[in-house]
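Q: please find the sequence and the predicted model below.
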Amino acid sequence: MSVSDVCIVSMDNVKRVPYIAQYIKCLCGKDFDFLFWDRDCTDDDAGQNNSFAYQHKVRHGEPTLAQRLDKLTGYVGFKRFASKILKTNEYKRVVCLSGNAAVLLNDILLDRYSGRFIIDIRDYWHEDNRNYHNIEQRLIEASPCPVISSPAYKNFLGYHNFRIMHNSQILGDEEKHIANHDHNIPFRIVCVGAAKNLDYDKKVIDCFADDKRFSLVFRGRGYEQLDGYIKEHGISNVEVAGEFDFSLTLKQYVDADMALSMYGNGSPYWDYALANKLYFAAQLGLPILVCDKTAMADMTEKYELGVAFDPSDRSAKDRIAQLYSDDLISKRREGCRNFLNRIEADNTRTFADIKEFFDC
């Protein structure tokens, strides 16, 4: 077996780390090895030279003691598995796709790969834990190219020489016109992705329940759990559907008039992230609905991409119903252009630095 110079490490399957494609592009055709936690037991193909898959299936659904123990077993097992591979193969460069992967492997990264690895942080995890935070800070300082997906992450990570790589997937010209929004009432408000905060989803449902101006649609793993709540309350304008094939993500927007990305606020888990729905909506020309007092709200309001609101404020629906007025359509088109230009500029700078890191 011929080992590659570069190893990309992931704590999940390819379909849940779509930004891996950006790193592969920055390799400019160079071989890479893929070391990952195969949670779906599908032995993913990302175009790697060598595949090192730690297979441990994780149960989904409401957290239980058994599920937590199952996940803990997975973390311990992956650490042992990944550490052995990284020690044996002595790569020239390593990319850790997620901060928690880097923290889990911090001993070998700091000992053997200092100055030769990228830490890519996409979510808030356990930065409130002093030990976790301190280890992560050491990793950031030891990485020549630390990457974050949202500028707002500096609020809990501090101000380092971060590069910004947005959670954006560039759509082709035909894909950008997939949404057949006709601007007619009822407006179809579509939420696409895995359920993260079902209690908050119920607040959003209550806000729009039986308002004939709107039709609410939730599509993705976990949202089927809302079906009982909808039936119990006799709500007629909300639809839910469970998990779909990841390759069909874009098609979930085909009947959307608006995109929904609301998980809550007042917690670092929700306040600082920029969801991929923001980038999809901007490219598809869809207005987006987000939670107020979040980084998503800051971007949405700065570029006039939609409405940031609290679902307890029922008057916000009047503003939402006006999103397809001629004036707001014009402002949104300009805002989308300016927003996407900013994303392209941020990503271009980061890609150049990553290519330099790979010596491409």
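A: Great, that's in hand. Numbering: from 1, shown residues only.

Q: may I ask you to name the longest helix in the protein?
A: The longest helix of the chain (DSSP state H) is helix 326-357.

Q: tell me what that one is packed against?
A: Packing partners of helix 326-357 (3 or more Cβ pairs under 8 Å, 6 or more residues apart in numbering; DSSP states H and E): helix 20-26, strand 163-164, helix 276-284. For every residue, glycine as well, the C-beta is placed using N, CA and C.

Q: report the contact partners of Asn50.
A: Counting by Cβ atoms under 8 Å, 6 or more residues apart in numbering, Asn50 makes contact with 1-4, 33-34.

Q: quick check: ChimeraX command selecting the buried ones in these.
A: To isolate the buried members of the contacts of Asn50 in ChimeraX, using 16 or more other Cβ atoms under 10 Å:
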select :3,4,33,34
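
Q: what about Gly228, helix or strand, and which?
A: For Gly228, the enclosing helix or strand under DSSP states H and E is helix 227-232.

Q: what residues of that helix count as buried?
A: Neighbour-count burial for helix 227-232 [16+ other Cβ under 10 Å]: 229-230.

Q: so which elements touch it?
A: Partner elements for helix 227-232 (3+ Cβ pairs under 8 Å, 6+ apart): helix 198-208, strand 238-241.

Q: next, the buried residues of the shortest one.
A: When you say that, I think you mean strand 238-241. 238, 240.

Q: show me the contact partners of it.
A: The contact list for strand 238-241, computed with Cβ under 8 Å, 6+ apart, reads 205, 208-209, 215-220, 223-224, 226-227, 230.

Q: let me know the pLDDT of Asp182.
A: For Asp182, the model assigns a pLDDT of 66.

Q: rewinding a little: can I get the contacts of strand 238-241 in JSON lines with pLDDT and distance to Ile108?
A: Shown next, in JSON lines, are the contacts of strand 238-241 (pLDDT from 0 to 100; distance: Cβ to Cβ, whole Å):
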{"residue": "Ile205", "pLDDT": "98", "distance to Ile108": "46"}
{"residue": "Phe208", "pLDDT": "98", "distance to Ile108": "49"}
{"residue": "Ala209", "pLDDT": "97", "distance to Ile108": "52"}
{"residue": "Ser215", "pLDDT": "97", "distance to Ile108": "51"}
{"residue": "Leu216", "pLDDT": "98", "distance to Ile108": "47"}
{"residue": "Val217", "pLDDT": "98", "distance to Ile108": "45"}
{"residue": "Phe218", "pLDDT": "98", "distance to Ile108": "41"}
{"residue": "Arg219", "pLDDT": "98", "distance to Ile108": "40"}
{"residue": "Gly220", "pLDDT": "96", "distance to Ile108": "35"}
{"residue": "Tyr223", "pLDDT": "97", "distance to Ile108": "39"}
{"residue": "Glu224", "pLDDT": "96", "distance to Ile108": "40"}
{"residue": "Leu226", "pLDDT": "97", "distance to Ile108": "42"}
{"residue": "Asp227", "pLDDT": "97", "distance to Ile108": "45"}
{"residue": "Ile230", "pLDDT": "98", "distance to Ile108": "48"}
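
Q: how about those residues, which pair is most distant?
A: Greatest spacing in the contacts of strand 238-241, by Cβ to Cβ: Ala209 and Gly220 (20.2 Å).

Q: what's in contact with stretch 187-198?
A: 181, 201, 208, 213-223, 225-226, 243, 249, 252-253, 255-264, 270, 275-277, 280, 289, 320-321, 323-324.

Q: start to end distance for it?
A: Its first and final residues considered, stretch 187-198 spans 22 Å by Cα to Cα, to the nearest Å.

Q: cool, and stretch 235-253?
A: Per Cα to Cα, stretch 235-253 runs 22 Å from first to last residue.

Q: list the buried residues in the least confident helix or strand in the chain by mean pLDDT.
A: The helix or strand of the chain with the poorest confidence is helix 65-89; it has a mean of 90 (mean pLDDT, DSSP states H and E). Of the residues in helix 65-89, 74, 78-79, 81-83, 85-86, 89 count as buried by neighbour count, 16+ other Cβ under 10 Å.

Q: now what about that helix, what contacts it?
A: If you take Cβ under 8 Å, 6+ apart as the criterion, helix 65-89 is touched by 3, 7, 9, 11, 33, 35, 37, 39, 52, 54, 56, 58-59, 61, 94, 104-105, 107-109, 112-113.

Q: so which of the residues you listed belong to strands?
A: Among the contacts of helix 65-89, the residues falling in strands (DSSP state E) are 7, 9, 33, 35, 37, 52, 54, 94.

Q: touching, Ser143 and Ile121? I think so.
A: No: the criterion here is Cβ atoms under 8 Å, and Ser143 misses it with Ile121 at 10.3 Å.

Q: okay, Asp310 and Ala297: tell me how far apart.
A: Distance, Asp310 to Ala297, using Cβ to Cβ, to the nearest Å: 10 Å.

Q: looking at these two, which one has more neighbours?
A: Ala297 (18 against 14; other Cβ atoms under 10 Å).

Q: surely that one and Tyr303 touch.
A: No: with contact defined as Cβ under 8 Å, Ala297 does not reach Tyr303; the gap is 11.4 Å.

Q: follow-up on the earlier one: make a ChimeraX selection of the buried ones in the ones in strands among the contacts of helix 65-89.
A: Per 16+ other Cβ under 10 Å, the buried members of the ones in strands among the contacts of helix 65-89 correspond to this ChimeraX selection:
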select :7,9,33,35,37,52,54,94
